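In: Need a 3D model of the sequence below.
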Amino acid sequence: IEAYCNAIAIKPDYADAYYNMGNALREQDKLEEAVTAYNKAISLNNDYPEAFNNMGTALKNQGKLDAAIKAYKIALALKPDHAEACNNIGNALQEKGKLEEAVEAYNKAIAIKPDYAEAFNNIGSAFQDQGKLNEAIEAYCNAIAIKPDYADAYRHHSLLTKYTSKDPQISIVDDLLQRQNLNGSDRCNLYYAFAKMKEDLGDLSAAFDNYLAGGKLRKKLLSYDFAQDKHLFSEIKNTAPQLKDVTLKLSDEVIKHTPIFILGMPRSGTTLIEQIVSSNTKVNGAGELDFVSRFGAKLATGLTAPTVEAVSMFRDRYLAELSKKAHGHAFVTDKMPQNFRFIALICAALPEAKIIHVQRDAEATCWSNFKHYFTSKGLGYCYNLKDTVRYYKLYKELMHCWEQMFRNRIYNMDYDKLTEEEEPEIRRLIEHLGLRWEDVCLTPQDNKRSVKTASQQQVRQKIYKGSSQAWRKYKPFINNVFDELNS
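Out: Numbers count the residues shown, from 1 in each chain. This is a model prediction of the structure:
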């Protein structure tokens, strides 16, 4: 960046230097500065499809999906054979939940560039979100056929496949892991794929070793330090009383779209609860929304002073974005599990909101967090079992705090009890939300909405018992690390 600044100082109209600076800033996640740099490059050269395309990606990473799509489309208009812009349009549409349109965009990218492995991988992901698993598997296989060392495609494929000892992918992935020149991201993806393969073959020792290795590498790539989360939770607790003091009064004016927050630890059953609730005709399931974190993290941690004005501004911004996800429904689910951290802010800003806290067996939750590769960069605690247990304890302590402060606002849902007493638990939940009963809530597996979370395969099945016991087969390998959960 310093070098690009020097180039610009010498030649102020140097469009390429601004473009390259935008790329470097985007790598640093300085997204607003990156967009500014791309815009400057475009102002100096408006026939610059690469700048429009990369600006679109910076905008997408900010959650500005419509603006991103607009930028990608300009890139495509300037360069009609810009396969990457088509692929990126697909990515943005997929994030918006417009999966059929996303598939069309990916297919257009493939029509331009038939050997576009990344587009095949992405189309597989779109099919997977729709529950079209055979089509997804075929797309991942196409990606691998084009690019035999495509680590991300192997990991995606592994989640949809039950391996046998005769599967040729097993030896291929094993051979790839022996390579010395693999980059860290590829090696990490392959560890998780190989762990799943070994688990399917019943070699739990090897599976555990690969989960350990994958997690260790993922933690390193994310530069995660547990102290970061410990400090964050401390700031949230310290700010909560101030937020409670500026709680907005419940207005006589009924809001158009009531948010239903479904939160708790990741992998605790939040996706299933959203499938149940969004089966009701009054509810739209919007999935994992980042609006609370994006608009309110500074307020929830005291970096922005908690005032009535600040809380009101957060409320207005949140509801404005939520309305875009409502699609005519009176209620909208926001199933970002990590919103459990921001319950004080939610209670202060949105007195009308419903809050469902989903709990599951502690050991099962921690194990499921540990063994999954999350694409989100904000779950660094998952990749080491001791970190996972310590994070779980932070979560329990914070939820205890919220129960003391906001007991009447939080509905506690026990996932394991739900699997044992399905209909009574679902009826109680729907009644609590103030929704009219509809029998479809008893068959969440038939809910056709797209599901993007790691639980997407499970929620396509009928509610079943026993999933919280699956971790026990790994008990010989985890060295009593869960004992701390009871201390």
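In: Which residue ranges of the stretch 251-400 of the chain form strands?
Out: Here the stretch 251-400 of the chain has its strands, by DSSP state E, counting those that start in this stretch, at 258-263, 283-285, 331-334, 354-359.
In: Can you add distance to Ala348 and give these back as JSON lines?
Out: Yep, even glycine has a C-beta here, placed from its N, CA and C like the rest. Formatted as JSON lines, those follow (distance: least, Cβ to Cβ, whole Å):
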{"stretch": "strand 258-263", "distance to Ala348": "13"}
{"stretch": "strand 283-285", "distance to Ala348": "24"}
{"stretch": "strand 331-334", "distance to Ala348": "16"}
{"stretch": "strand 354-359", "distance to Ala348": "12"}
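In: Among the ones you listed, which comes closest to Ala77?
Out: Relative to Ala77, the nearest member of the strands of the stretch 251-400 of the chain by Cβ to Cβ is strand 283-285, separated by 32.6 Å.
In: Packing partners of that closest one?
Out: With contacts defined as 3 or more Cβ pairs under 8 Å, 6 or more residues apart in numbering; DSSP states H and E, strand 283-285 has these neighbours: helix 270-277, strand 331-334.
In: contact partners of the last one?
Out: Right, strand 331-334. In this structure, residues lying in contact with strand 331-334 by Cβ atoms under 8 Å, 6 or more residues apart in numbering are 257-262, 274, 277-278, 280, 282-289, 291-292, 322, 325-326, 354, 433, 435.
In: what's the burial count for the spatially closest residue to Glu423 that is not a sequence neighbour?
Out: Excluding the flanking residues, the one nearest Glu423 by Cβ to Cβ, 6 or more residues apart in numbering is Leu442, at 6.1 Å. By other Cβ atoms under 10 Å, 18 other residues sit near Leu442.
In: hang on, Leu442 packs against Glu422?
Out: Yes. With contact defined as Cβ atoms under 8 Å, Leu442 counts as touching Glu422 (7.2 Å).
In: Val246 is in contact with Thr307, correct?
Out: Yes. Applying Cβ under 8 Å, one finds Thr307 in contact with Val246, separated by 6.0 Å.
In: Quick check: neighbours shared by these two?
Out: Counting by Cβ under 8 Å, 6+ apart, nothing touches both Thr307 and Val246.
In: what's the spacing between Asn369 and Gly215?
Out: Distance, Asn369 to Gly215, using Cβ to Cβ, to the nearest Å: 10 Å.
In: shared neighbours of these two, which are they?
Out: With Cβ under 8 Å, 6+ apart as the test, Asn369 and Gly215 both reach Cys382.
In: would you list every one of the helices in the stretch 1-150 of the chain?
Out: Along the stretch 1-150 of the chain, counting by DSSP state H, counting those that start in this stretch, helices occupy 2-10, 15-27, 31-44, 49-61, 65-78, 83-95, 99-112, 117-129, 133-146.
In: Which neighbouring elements make contact with the fifth one?
Out: So the one you mean is helix 65-78. helix 49-61, helix 83-95.
In: hmm, back to that, mind checking which of the helices of the stretch 1-150 of the chain is nearest Arg315?
Out: helix 65-78 (22.0 Å).
In: now Ile478: how far from Glu138?
Out: In this view, Ile478 and Glu138 are 36 Å apart by Cβ to Cβ.
In: rewinding a little: nearest to Leu160, of the strands of the stretch 251-400 of the chain?
Out: Comparing these by Cβ to Cβ, strand 283-285 comes nearest, at 22.1 Å.
In: Just checking the distance from that closest one to the centre of its chain.
Out: 18 Å (Cα atoms, centre = their mean, to the nearest Å).
In: Please renumber the chain so that the first residue is 31 from this point on.
Out: That works, and once the first residue is 31, the last one we named lands at strand 313-315.
In: What lies in contact with it?
Out: Contacts of strand 313-315 (Cβ under 8 Å, 6+ apart): 290, 304-305, 307-308, 355-363, 365, 465, 477, 479.
In: what about 7 Å?
Out: Ile290, Glu304, Val307, Ser308, Lys355, Ala356, His357, His359, Phe361, Val362, Thr363, Arg479 (Cβ atoms under 7 Å, 6 or more residues apart in numbering).
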